[in-house]
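> Predicted model follows, preceded by the sequence.
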Amino acid sequence: MAPSGLRRPNDPPLLILVSLAEGPKHGHALAKDIEEFAGVKLGPGALYGAITRLVERGLIEPLGSDDRRRPYRITPPGTAALAEALTDMRRVTNAGLARLRLDPA
Amino acid sequence: MKPASLLRWYPRAWRERYGEELLALIQDTLDGGRPTWRLRLSVAWGGAHERAHQVGQAVRAGVKARTGPTRWGTALVAGLIFADLPLNLAQSPPATREWQATTALDAVIAAVALTGALILAGGLAALPALVRFVRAGGWPKIRRPVAWAAGATAVAGGGLAGVAVFTGSHSFAQLNVSWAILAATFATGFAMTAAIGLSAIAAAATARHLTLTPRVRSAQLVLVAVTPPLVTVILVTLNVWWSVTQGPAWLVLALVMLGLASVNAWQRIPRAVRRGRRLRAAAGGATIVNPSAAREHGRHRA
């Protein structure tokens, strides 16, 4: 089973990992990107709460920056956790689509 | 209301680490406008959640501190059992129960050998990572706990050998009334306790620094799940052996131990196997699956 916070498609930690899988981003860029690809508007409190937990678990890390807008990047364990979570979700999605006979395969 | 004043919802330590970043995000979001109720609620909820998290961490740290003595208690029991073994072996079982005693002792030895072999295999699997870590100049980071563990193991081994030699040269009747052997057994038991506890600390301190492949990490997950049931098997077989050589009361203790050994402990094994498989499948090409090692790696780069 995927680690906690990475089980539902709209969990903020999962959305942040998906966004950072593309490359490092700071808080505002993350919020904009997540709204764009997932249609989920994360408030500053929810976004930074999730960032704090992800940093604590070593799944993302801050990059050095002189600016107040500090960028973050995904770490190798973060990539592994994201892959595990997405694989779990794909299994459920595929089962649902197959039972609804909507699976093109 | 100024955006900066919204940060008061957060704990001070959090504000010092993330405050400026959150403020920059709020200002970017507002783009010169005034904070909306939705934004204020989001920040207040985030701050309250952070404070609750801080309290939770303090409680967990308290619980962890209380479980520390329990682990040392387990090491003490194991140490005293080990130290008492030479004396147990010197005691002849009743003639009518000799074959039962031999069978029970064989079962104890088999359980100890199996557990030891598994722990050794886990250590050998992590050996390449340890060699890489030491070659990369990591030895000073683990030198102290490893040196303490090695020293304690040498003292305990010496004590155990001394007790074994002493018991081998005296009859059980002589040993049974000897204060010297009693004192030596207790001293060796405490030395064994220190050796077991310090070795566990050294192993944990070393593991934190190692960069393990998904295959080794998944093998270690299984090892961690298998060890507690095997230790239960050792204790139960030990009690069965004592029940044959010293009296049936030990059999009652064996049954109590079996009852206490939760079924959960056995169920953890297939769960660990499945988790290991998923870890290997999910990690794909990634080789770093130890978050502590990854954090360490990040610090080196910085």
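Received, thanks. Numbering: from 1, shown residues only, chains lettered A, B, ... in the order given.
> which residues in the stretch 101-250 of chain B form strands?
Counting by DSSP state E, counting those that start in this stretch, the stretch 101-250 of chain B has no strands to list.
> Quick check: which ranges of it have low pLDDT?
For the stretch 101-250 of chain B, the stretches with pLDDT under 70 are B:172-173, B:175-177.
> same check, this time on chain A
A:1-5, A:103-105.
> Need the single longest helix in the chain, by residues.
Let's take chain A. For chain A, the longest helix by residue count, based on DSSP state H, is helix A:76-99.
> actually it's chain B I care about, not the one you picked
helix B:37-90.
> What is it packed up against?
helix A:44-56, helix B:12-30, helix B:139-168, helix B:172-176, helix B:179-207, helix B:214-245 (3 or more CB pairs under 8 Å, 6 or more residues apart in numbering or on different chains; DSSP states H and E). (Each C-beta comes from the backbone N, C-alpha and C, glycine too.)
> Now the longest helix of chain A - C-alpha only, PDB.
In PDB, the C-alpha atoms belonging to helix A:76-99 read as follows (Å, rounded to 0.1, in the frame of the first residue of the first chain):
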ATOM      1  CA  PRO A  76      15.100   9.500  -5.100                       C
ATOM      2  CA  PRO A  77      12.900   8.100  -2.200                       C
ATOM      3  CA  GLY A  78      10.200  10.600  -3.300                       C
ATOM      4  CA  THR A  79      10.300   9.300  -6.800                       C
ATOM      5  CA  ALA A  80      10.100   5.700  -5.500                       C
ATOM      6  CA  ALA A  81       7.100   6.600  -3.200                       C
ATOM      7  CA  LEU A  82       5.300   8.400  -6.100                       C
ATOM      8  CA  ALA A  83       5.800   5.500  -8.400                       C
ATOM      9  CA  GLU A  84       4.400   3.100  -5.800                       C
ATOM     10  CA  ALA A  85       1.400   5.300  -5.200                       C
ATOM     11  CA  LEU A  86       0.600   5.800  -8.900                       C
ATOM     12  CA  THR A  87       1.000   2.000  -9.600                       C
ATOM     13  CA  ASP A  88      -1.500   1.300  -6.800                       C
ATOM     14  CA  MET A  89      -3.900   3.800  -8.200                       C
ATOM     15  CA  ARG A  90      -3.500   2.500 -11.800                       C
ATOM     16  CA  ARG A  91      -4.400  -1.000 -10.500                       C
ATOM     17  CA  VAL A  92      -7.700   0.200  -9.000                       C
ATOM     18  CA  THR A  93      -8.400   2.400 -12.000                       C
ATOM     19  CA  ASN A  94      -7.800  -0.500 -14.500                       C
ATOM     20  CA  ALA A  95     -10.000  -2.800 -12.400                       C
ATOM     21  CA  GLY A  96     -12.800  -0.300 -12.400                       C
ATOM     22  CA  LEU A  97     -12.600   0.500 -16.100                       C
ATOM     23  CA  ALA A  98     -12.500  -3.200 -16.900                       C
ATOM     24  CA  ARG A  99     -15.600  -3.900 -14.800                       C
END
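> If I take it and helix A:44-56, what angle do their directions form?
Taking axes from the mean of the first three to the mean of the last three CA atoms, to 10 degrees, one finds that helix A:76-99 is oriented at 120 degrees with respect to helix A:44-56.
> hmm, back to that, ok, and which of the helices and strands packed on helix B:37-90 has the densest surroundings?
helix A:44-56 (a mean of 22; mean count of other CB atoms under 10 Å in any protein chain shown).
> anything in that helix near chain B?
Yes - Helix A:44-56 is in contact with chain B by CB under 8 Å from any CB of the partner chain, via A:44-49, A:51-52.
> by contact count, what packs against that helix?
Helix A:44-56 packs on helix A:12-20, helix A:27-38, strand A:60-62, strand A:72-74, helix B:12-30, helix B:37-90, going by 3+ CB pairs under 8 Å, 6+ apart.
> Now do the last one and helix B:179-207, the angle between them.
In this structure, helix B:37-90 runs at an angle of 150 degrees to helix B:179-207, with the same axes, to 10 degrees as the basis.
> Same check on the fifth one?
For the pair helix B:12-30 and helix B:179-207, the angle between their directions (the same axes, to 10 degrees) equals 20 degrees.
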